[in-house]
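S.K.: Below are the sequence and a predicted model for it; my questions follow.
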2 protein chains.
Amino acid sequence: MSLIVQKYGGTSVADTRRIKAVAERVASIAKNGNQVIVVVSAMAGETDKFEGFAKDITETPDEREMDLLLSSGERITSALTAMALQETGCPSMSFTGRQVGIRTDSSHTKALIEDIEASRLKTALNEGKVPVVAGFQGINELSDVTTLGRGGSDTTAVAIAAALKADVCEIYTDVEGVFTADPRIVPDARKMDRVSYDEMLEMASLGAKVLHGRSVEFAKKYNVPLVVRSSFNERPGTLVTKEDGAMEKVVITGITHDRNQTRITLMRVPDRPGIAAVIFEAVAKANINVDMIVQNISSDDHATDMSFTVSKKDEKKAFDITKKISEELGSKGVSINSDVAKVSIVGVGMQSHFGVAAQMFETLSRAGINIMMISTSEIKISCVVDVSQMEDAVKALHDSFNLAKV
Amino acid sequence: MSLIVQKYGGTSVADTRRIKAVAERVASIAKNGNQVIVVVSAMAGETDKFEGFAKDITETPDEREMDLLLSSGERITSALTAMALQETGCPSMSFTGRQVGIRTDSSHTKALIEDIEASRLKTALNEGKVPVVAGFQGINELSDVTTLGRGGSDTTAVAIAAALKADVCEIYTDVEGVFTADPRIVPDARKMDRVSYDEMLEMASLGAKVLHGRSVEFAKKYNVPLVVRSSFNERPGTLVTKEDGAMEKVVITGITHDRNQTRITLMRVPDRPGIAAVIFEAVAKANINVDMIVQNISSDDHATDMSFTVSKKDEKKAFDITKKISEELGSKGVSINSDVAKVSIVGVGMQSHFGVAAQMFETLSRAGINIMMISTSEIKISCVVDVSQMEDAVKALHDSFNLAKV
């Protein structure tokens, strides 16, 4: 008998017809002698609707109120899914984040899980029931509702799997797994059978939307095997797990891309210690996440160009802050470019292979693609390119690294 | 400084524009130095939507799951209303039933309030905040969400007003108060300035939809002054309060009607002790509420006709049960009539006035309306008539008892 945690995303529970399909699937797995815990997201579109309501009312919604508002979507789905399971004859009951005992800190809208008590979940499992947990939410020490931020239901599922030492945590979505590149861009992109936690982490942070980085970190920390698969068919999906021998043969695992990038450049900043700190402290204070940072070497004028990228939504705020600092520092001004995208290659194998970066740059060069910024880590190389050339870059790299074949 | 509890119903918070209007209203009352607690219903249509989802999934939804599902609507409104209040500059925070400390029994979908702890509400008031409470819900001893059934948000408001000894509990709705009859039927129906708890109770149970009986009972028990008024204008509404001298002058307070009635008749039942008990125990066991019961006197055949009315939604179940009993008892069969309505006159004054019933029957007779069943209490007389004559009956009675004038 296995203990399986299954998380169903918004498109998998988009309407009552889909919820009934999910219930059939879960019931048949439970009938085969497994213990199943289901974690559900809000029905597709509900969270956007709630956010729209809040936006109608205020530009600056209180985060505690946002959490009460947004947490409702998952509660609705959990009640409906439990009903649908009961209707198939499978004993089931719903659980809110509070009823599962998911305790978080008090950072509303992006709370971190501190502890999962889970005794009611265990009781339900022992009674032969399938618990259906409202994802994305917990409560803080005041007993106020908190939400876990983007990808929160994935995090709920992985955290429950870790707390109950589940055999596997399955993340059901509308794609069949993790691909070597986005199949909408690269028609012969290949679904991977396995990928390591670290590669998945890099891919998530580089724009692969199938899993959120936080849930992968959690899975890695507690060594929870994750499976990404489709709720629309029975195919096996992609296993995200520890690195193993089989993986090392592959140098590059996948190509990711991210259109949600804006480049901001401070031109000719005086090159003296502490300048970077001044800039990025000011940006961080405004709650803006900086992604890539590139500083060129200083030239004869003892000044340097400093470029960084931010999410498109933050570009105006980041530009204004940078402009103010530029004036204080006496730099030559600030330029902004919204028409950029980031293309990355990821693979644990590149640690032990030379020439991967060179091959990437040469491939892009041969395809006539200009590289604007470069950033590397042990297992990934990212290039910022013009957004109009992004798709060509992904295709060329997928081809060059031979990813369509296993 | 007064402590005012205000409850806003579904049409008063139907969309974000209406929610902002409610917030403006509340903020100006708070600004005038009052302490205000707001209780909100689900946005109009939301509860129906949730019930539709459940119906898509199963004919027999689990009541615990129904409660989690239905309670979401009020939570959404409470978060949005708190945001809207904050946006006006009025400090505010939302409260779920649990956070208010509303403890109920475990009868899911129709739970009874056992206790209100309210310490967090008091703290919020002392901090100068306007608490916005999600109506209609509490938690049971297992910490599961319960809902209070029809009119539940009114009950929440009255219970909080009682627990905190509020000066008044205002029920905001889409009508201007309690009328002597339905203005859609009787154009010169008059809005009452005051009405007693007992009269309001009778009127609520007889089909006046403006307040639910349970909230009125609660208000009476704890002597909470209730005001029914419109959220769409500033007019003063109707005060529901203890009987006082001013009221006694009026014999009849109002005329109510109820289309939601079906009459079932057992014909020629043996007239012996215990027969009524057999019938109505069986009906009660099926969770069907019987409204009027009329038994004619026995005639020579030692048999009697027994008629009763039920809500239209229960008519099929009630008919089947009655038919089965009829066969067991050897009665002459069961007849059912869905085309009936109940018309009632209500007034505490009728206790000390003779001839009220006679005037009612004569008025109906003059209007050519046949009376099918009659039932009386100390302060009301109800007649079941053909539904096609219901409006005529209401008009004739309103006229006959001179209700258009004060």
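M.R.: Here it is on my side, so go on.
S.K.: Give me the average confidence score over stretch A:219-239.
M.R.: Computed over stretch A:219-239, the mean pLDDT rounds to 94.
S.K.: Quick one: low-confidence residue ranges for the stretch 101-250 of chain A.
M.R.: A:245-249 (pLDDT under 70).
S.K.: Show me what from it comes close to chain B.
M.R.: Within the stretch 101-250 of chain A, the positions near chain B by Cβ under 8 Å from any Cβ of the partner chain are A:143-145. For glycine as for every other residue, the C-beta is placed from the backbone atoms N, C-alpha and C.
S.K.: Now intersect the residues you listed with the strands, please.
M.R.: A:V145 (DSSP state E).
S.K.: any chance of the residues of the stretch 101-250 of chain A next to chain B in CSV, plus neighbour count?
M.R.: Formatted as CSV, those follow (neighbours: other Cβ atoms under 10 Å in any protein chain shown):
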residue, neighbour count
A:S143, 12
A:D144, 22
A:V145, 31
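S.K.: can you give me the strands in the stretch 201-350 of chain A?
M.R.: Applying DSSP state E, counting those that start in this stretch to the stretch 201-350 of chain A gives strands spanning A:226-230, A:238-241, A:254-270, A:290-295, A:303-310, A:334-346.
S.K.: check contacts around A:T376.
M.R.: A:357, A:382 (Cβ atoms under 8 Å, 6 or more residues apart in numbering or on different chains).
S.K.: Give the helix, strand or coil label for it.
M.R.: Here A:T376 is recorded as strand under DSSP: H, G, I helix; E, B strand; the rest coil.
S.K.: so A:L121 is in which element?
M.R.: Here A:L121, judged by DSSP states H and E, is contained in helix A:119-126.
S.K.: which strands and helices sit next to that helix?
M.R.: strand A:35-40, strand A:92-95, helix A:97-100, strand A:130-134 (3 or more Cβ pairs under 8 Å, 6 or more residues apart in numbering or on different chains; DSSP states H and E).
S.K.: weakest of the strands of the stretch 201-350 of chain A in terms of mean pLDDT?
M.R.: Among the strands of the stretch 201-350 of chain A, strand A:290-295 has the lowest mean pLDDT, at a mean of 82.
S.K.: Run a quick neighbour tally on the residue nearest to A:Y222 when sequence neighbours are not counted.
M.R.: In this structure, A:Y222 finds its nearest non-sequential neighbour in A:A162, 3.6 Å apart by Cβ to Cβ, 6 or more residues apart in numbering or on different chains. Neighbours of A:A162 under the rule other Cβ atoms under 10 Å in any protein chain shown: 19.
S.K.: From chain B, how far out is A:A162?
M.R.: 24 Å (Cβ to the nearest Cβ, to the nearest Å).
S.K.: what helix or strand is that residue on?
M.R.: For A:A162, the host element (DSSP H and E) is helix A:152-163.
S.K.: Repeat that for A:V26.
M.R.: helix A:16-31.
S.K.: which strands and helices sit next to that helix?
M.R.: Using 3+ Cβ pairs under 8 Å, 6+ apart: helix A:16-31 touches strand A:3-8, strand A:35-40, helix A:63-87, strand A:130-134, helix B:46-57.
S.K.: Dump the ones you listed to a markdown table, plus mean neighbour count.
M.R.: Listed next are those as a markdown table, based on neighbours: other Cβ under 10 Å:
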| stretch | mean neighbour count |
| --- | --- |
| strand A:3-8 | 24 |
| strand A:35-40 | 29 |
| helix A:63-87 | 27 |
| strand A:130-134 | 29 |
| helix B:46-57 | 16 |
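S.K.: which one of these lies closest to A:S231?
M.R.: strand A:3-8 (5.9 Å; Cβ to Cβ).
S.K.: The closest one vs strand A:130-134, what angle?
M.R.: Put simply, strand A:3-8 runs at 40 degrees to strand A:130-134, going by axes from the mean of the first three to the mean of the last three Cα atoms, to 10 degrees.
S.K.: between the helices and strands packed on helix A:16-31, which gets nearest to B:I113?
M.R.: helix B:46-57 (19.5 Å).
S.K.: CA atoms of that closest one as PDB?
M.R.: C-alpha atoms of helix B:46-57 as PDB (Å, rounded to 0.1, in the frame of the first residue of the first chain):
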ATOM      1  CA  GLU B  46     -23.000  33.700  -5.300                       C
ATOM      2  CA  THR B  47     -24.800  31.300  -3.000                       C
ATOM      3  CA  ASP B  48     -27.000  30.200  -5.900                       C
ATOM      4  CA  LYS B  49     -23.900  29.600  -8.000                       C
ATOM      5  CA  PHE B  50     -22.300  27.400  -5.300                       C
ATOM      6  CA  GLU B  51     -25.500  25.400  -4.900                       C
ATOM      7  CA  GLY B  52     -25.600  25.000  -8.700                       C
ATOM      8  CA  PHE B  53     -22.000  23.600  -8.600                       C
ATOM      9  CA  ALA B  54     -23.000  21.100  -5.900                       C
ATOM     10  CA  LYS B  55     -26.100  20.100  -7.800                       C
ATOM     11  CA  ASP B  56     -23.900  19.400 -10.900                       C
ATOM     12  CA  ILE B  57     -22.000  17.000  -8.800                       C
END
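S.K.: other SSEs contacting it?
M.R.: Contacts defined by 3+ Cβ pairs under 8 Å, 6+ apart place helix B:46-57 against helix A:16-31, helix A:63-87, helix B:63-87.
S.K.: what are the ranges of the helices in the stretch 101-250 of chain A?
M.R.: Taking DSSP state H, counting those that start in this stretch to define them, one finds helices in the stretch 101-250 of chain A at A:119-126, A:152-163, A:197-205, A:213-221, A:245-248.
S.K.: which of those helices is buried the deepest?
M.R.: When you average the neighbours per residue for each of the helices of the stretch 101-250 of chain A (mean count of other Cβ atoms under 10 Å in any protein chain shown), helix A:152-163 leads with a mean of 27.
S.K.: quick one: contacts for the residue of the stretch 251-400 of chain A found nearest chain B?
M.R.: At 19.4 Å from chain B, A:N287 is the closest residue in the stretch 251-400 of chain A, using Cβ to the nearest Cβ. Shown in contact with A:N287 (Cβ under 8 Å, 6+ apart): no residues.
S.K.: buried residues in stretch A:301-315?
M.R.: A:303-310, A:314-315 (16 or more other Cβ atoms under 10 Å in any protein chain shown).
S.K.: Looking at those, which one is closest to A:V13?
M.R.: A:D314 (30.9 Å).
S.K.: isn't the closest one right up against A:V290?
M.R.: No. Under the criterion of Cβ atoms under 8 Å, A:D314 is not in contact with A:V290, lying 9.0 Å apart.
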